[in-house]
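Enquirer: What follows is a predicted structure for the sequence shown.
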Amino acid sequence: MLRALCFAFITLAGADAAAAQTAAERTACRPDVFRLCAAGAIAAAAVGDRQGIYDCFQEHRRQLSRACDRVLRSHGY
């Protein structure tokens, strides 16, 4: 339930919460966020604090999709 609410919030407020990302980048990484990251990190990202998501991605780097890995590499992560 919490993940569904976070997904809805991210979708509705995506422009503010992810201003540095393009829609294509969000699309590439969204499945990995919900598959790998904790609900707390997702909720924090919904209000603009993406550090938990970046930490999650670093922790699960080998499990990321190729598309999301390319996005992170393009941003220096």
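Expert: Everything's here; your move.
Enquirer: Tell me where the model's unsure across the protein.
Expert: 1-20 (pLDDT under 70).
Enquirer: quick one, helices of it?
Expert: Applying DSSP state H to the chain gives helices spanning 2-17, 23-36, 39-46, 51-59, 66-74.
Enquirer: Deepest-packed of these, please.
Expert: Neighbour counts (mean count of other C-beta atoms under 10 Å) averaged over each of the helices of the chain peak at helix 39-46, with a mean of 18. Bear in mind the C-beta positions are built from the backbone N, C-alpha and C, glycine included.
Enquirer: by contact count, what packs against that helix?
Expert: Packed against helix 39-46 by the contact rule (3 or more C-beta pairs under 8 Å, 6 or more residues apart in numbering; DSSP states H and E) you find helix 2-17, helix 23-36, helix 51-59.
Enquirer: That helix to helix 51-59, inter-axis angle?
Expert: Interaxial angle, helix 39-46 versus helix 51-59 (axes from the mean of the first three to the mean of the last three C-alpha atoms, to 10 degrees): 130 degrees.
Enquirer: and the angle for helix 39-46 with helix 23-36?
Expert: Interaxial angle, helix 39-46 versus helix 23-36 (the same axes, to 10 degrees): 160 degrees.
Enquirer: what's the distance between helix 39-46 and the middle of its chain?
Expert: Averaging C-alpha positions (C-alpha atoms, centre = their mean, to the nearest Å) puts helix 39-46 9 Å from its chain's average.
Enquirer: would you put the C-alpha positions of that helix in PDB?
Expert: Below are the C-alpha coordinates for helix 39-46, written out as PDB (Å, rounded to 0.1, in the frame of the first residue of the first chain):
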ATOM      1  CA  ALA A  39       9.600   2.100   1.200                       C
ATOM      2  CA  GLY A  40      11.300   4.700   3.400                       C
ATOM      3  CA  ALA A  41      13.800   5.700   0.700                       C
ATOM      4  CA  ILE A  42      11.000   5.800  -1.900                       C
ATOM      5  CA  ALA A  43       8.900   8.100   0.400                       C
ATOM      6  CA  ALA A  44      11.900  10.400   1.000                       C
ATOM      7  CA  ALA A  45      12.500  10.600  -2.700                       C
ATOM      8  CA  ALA A  46       8.900  11.600  -3.200                       C
END
